[in-house]
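*Asks:* below is the structure, and that's it, no one-letter string:
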Ligand code: CUA
């Protein structure tokens, strides 16, 4: 009796845990709120397997409780019940039922496993995008459009995005929970799959494979635009930018110190993110709010923002100077920031 009373005490704890767990959720980064057909198909598989699991648990527990109550030893009863073993009917039931349940689970699982890995790179109606993961940022190339960008993946809605993903260094994992499950990026080989977004929105993306000190900071965004807005974005990315006279000093400094890694044109690729249209992005380094203070912090000492980042430091007192680091004057850093702020999309 005492043991049962103790069990009841856990109910408030379970209630609290349930509240805590159901509190998790953000519309732009939730597997449980799919925003495209791939994510919906995958959620269906999750619901199906969870449903079957729940059914089995309920049936087993009901039978268990029934037997526990029905065949209890009654007061004054002092006999050993009749010992039975081997029932063909029961054995067939508990062999056939799991087989049926496994088939119900296996057929759609196999179907979607192959379907969701279809290669749409040559599909005229799909948009091919090459993803390269770097410690700790993301590079996105659009081979058919002749553009490339970093950190913000821009896609058209209602169109299959045919991904070919790889890594420039260690193993990372590309994950946009709202649009579909994660896919590893492996150095030296490519994985192929596709995702699709229903509506115009911005989704959060994460690196889902422990890849180094700043793994948890390896975030990116996926912006879905309608067809016209997407075409406009492509045109804007390709439009030549003009540097205002008061940012020329910064441009020269950028060319001398940053251009060896950071391209600032439509197609450029490099050891660092392409900064074409950088001033129109919402974040600095994928995690800091886009303002001068963040830029200053990042340029001065990237290691203090993203430990393990490969970008050299340009401030006077970086916590851990890496090769290529070189202290610039405060004014020079300000000039570079001024130049970066001119890199807007038209
Ligand atoms: Cu890249 Cu974790």
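*Replies:* Now that the structure is in, tell me what you want to look at. Note that the coordinates shown come from a computational prediction; the quantities given were computed from them, not determined experimentally.

*Asks:* spatially central residue for the chain, please.
*Replies:* residue 175 (2.4 Å; Cα atoms, centre = their mean).

*Asks:* next, that one: secondary structure please.
*Replies:* Of the three states, residue 175 takes strand under DSSP: H, G, I helix; E, B strand; the rest coil.

*Asks:* distance of it from residue 199?
*Replies:* The spacing between residue 175 and residue 199, counted by Cβ to Cβ, to the nearest Å, is 20 Å. Backbone N, C-alpha and C define where each C-beta goes, glycine included.

*Asks:* now do residue 260
*Replies:* On the measure of Cβ to Cβ, residue 260 and residue 199 end up 40 Å apart.

*Asks:* tell me the helices and strands packed up against the top helix by length along the chain.
*Replies:* When the chain is parsed with DSSP state H, its longest helix is helix 37-70. Counting contacts by 3 or more Cβ pairs under 8 Å, 6 or more residues apart in numbering; DSSP states H and E, helix 37-70 packs against helix 88-115, strand 180-185, strand 191-195.

*Asks:* wait, doesn't residue 301 sit right on residue 315?
*Replies:* Yes - assessed by Cβ atoms under 8 Å, residue 301 is found in contact with residue 315 at 5.0 Å.

*Asks:* most distant residue from the middle of the protein?
*Replies:* residue 76 (63.8 Å).

*Asks:* check contacts around that residue.
*Replies:* Applying Cβ atoms under 8 Å, 6 or more residues apart in numbering, one finds that residue 76 lies in contact with no residue.

*Asks:* hang on, the earlier thing: now the helices and strands packed on helix 37-70 as JSON lines including distance to the ligand?
*Replies:* What follows is the helices and strands packed on helix 37-70, written out as JSON lines (distance: least, Cβ to the nearest ligand atom, whole Å):
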{"stretch": "helix 88-115", "distance to the ligand": "24"}
{"stretch": "strand 180-185", "distance to the ligand": "8"}
{"stretch": "strand 191-195", "distance to the ligand": "15"}
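
*Asks:* so which of these comes closest to residue 43?
*Replies:* Residue 43 lies closest to strand 180-185 among the helices and strands packed on helix 37-70, at 9.9 Å (Cβ to Cβ).
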